[in-house]
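1. Need a 3D model of the following:
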Amino acid sequence: MAGVKGTGSVDPSHWRKGAGGGRHFRHGKNPLLAYEEGGVPHPPVIDPVDVLGIDLAHVHSSARDALERAVAEIAVLRGDLEKGRRRQEWLEARIFQDPWTGIDNMRALHRAMEHILSLPPESHVGGVFALFWLENHDWIHENYGLDGLHLAMEAMAQSVSDLVQETDVVTTVGGAGLGLLSFPAREPEASRAIAAIEARLDGMDVPRGGSHFPLRVCSGMHPVFPGDEPEAILRETDSGLRVRMALRGTKKA
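-> Purely as a prediction, here's the structure:
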């Protein structure tokens, strides 16, 4: 999910399978170690006329070889510059992603919140932030390791993304939380939508190899309005989540 564009909603009446815009989260090797998988472009082929302003066919053979070597070196330098530019863009895009799953991270969440909170307060347009917490993350880690936790988070993110608008922001929060920032959104409808998403996640089976394991998920939510403080929103959401988990007989670490 990239950014907030102002039309997101978690109103259940707008749900449709695939509303997440075809977003799919990856699982496997750390992409920071696999940058070159996409292939490195070959040095561009350049026309000596474009570089030197002359046709080498009209240059004496004693000077032609040196000029051809110079043109070839320029081509290599241009290729290196292009490779560096592509790598910079690749790295900048991944600043806002979890390196193992491809899910947007807390940086992406704060960036989206800052966009909303910087709007004029008189706009009276609000949103909602929901936090879905994986209650049995310790059990999953003990029985399936980090690989299992990554699978669980990917399954949660994909399921939520399939239900909400493409402009909503889905991010990781800590090691066992999934955040959903929807804007604009009306709290009464959003409360029902968040409860329905929790009902879908809680008890969902995640396939792993020839077996599967269940998710135990609880949620908390808080309204978001221009002028609010991001840390206050996260703190109040976390507080409400802890109360609900206590009522379910679990505790948030």
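
2. can you pull out the helices in the stretch 1-150 of the chain?
-> Using DSSP state H, counting those that start in this stretch, the helices of the stretch 1-150 of the chain run over 48-52, 61-94, 106-117, 137-163.

3. I'd like to know which of those helices lies nearest to T237.
-> helix 106-117 (11.3 Å; Cβ to Cβ). Quick note: C-beta positions are derived from backbone N, CA and C, even for glycine.

4. so where's the stretch 101-250 of the chain uncertain?
-> Counting by pLDDT under 70, the stretch 101-250 of the chain has low-confidence residues at 123-124.

5. just the strands in it please.
-> Here the stretch 101-250 of the chain has its strands, by DSSP state E, counting those that start in this stretch, at 127-134, 169-173, 177-182, 205-208, 211-214, 217-224.

6. Closest to the centroid, which residue in the protein?
-> With distances taken as Cα atoms, centre = their mean, the residue of the chain nearest its centroid is D104 (2.2 Å).

7. residue contacts, the closest residue to that one other than its chain neighbours?
-> Spatial nearest neighbour of D104, excluding adjacent residues (Cβ to Cβ, 6 or more residues apart in numbering): T171 at 4.3 Å. Going by Cβ atoms under 8 Å, 6 or more residues apart in numbering, T171 touches 1, 103-106, 108-109, 178-179, 181.

8. Dump the helices of the stretch 1-150 of the chain to TSV, plus distance to L201.
-> Output for the helices of the stretch 1-150 of the chain, formatted as TSV (distance: least, Cβ to Cβ, whole Å):
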stretch	distance to L201
helix 48-52	57
helix 61-94	26
helix 106-117	18
helix 137-163	6
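
9. F213: which of those helices is closest?
-> Nearest of the helices of the stretch 1-150 of the chain to F213, taken as Cβ to Cβ: helix 137-163 at 6.3 Å.

10. Take the strands of the stretch 101-250 of the chain and write them to CSV, including distance to G240.
-> Output for these, formatted as CSV (distance: least, Cβ to Cβ, whole Å):
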stretch, distance to G240
strand 127-134, 9
strand 169-173, 14
strand 177-182, 13
strand 205-208, 26
strand 211-214, 24
strand 217-224, 4
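
11. right, so of the ones you listed, which gets closest to A199?
-> strand 217-224 (9.2 Å).

12. Not counting its own residues, what contacts that closest one?
-> In this structure, residues lying in contact with strand 217-224 by Cβ under 8 Å, 6+ apart are 113, 116-117, 126-135, 156, 181, 183, 187, 190-191, 194-195, 197-198, 201-202, 204, 233, 236-245, 248, 250.

13. Now, of these, which are buried?
-> 113, 116-117, 126-135, 156, 181, 183, 190-191, 194, 197-198, 201-202, 204, 233, 236-238, 241-242, 245 (16 or more other Cβ atoms under 10 Å).

14. could the contacts of T171 go into CSV alongside distance to G145?
-> Output for the contacts of T171, formatted as CSV (distance: Cβ to Cβ, whole Å):
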residue, distance to G145
M1, 27
I103, 18
D104, 24
N105, 21
M106, 23
A108, 26
L109, 26
L178, 19
G179, 24
L181, 30
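
15. neighbour-wise, which of the residues you listed leads?
-> With neighbours taken as other Cβ atoms under 10 Å, the top of the contacts of T171 is L181, carrying 28 neighbours.
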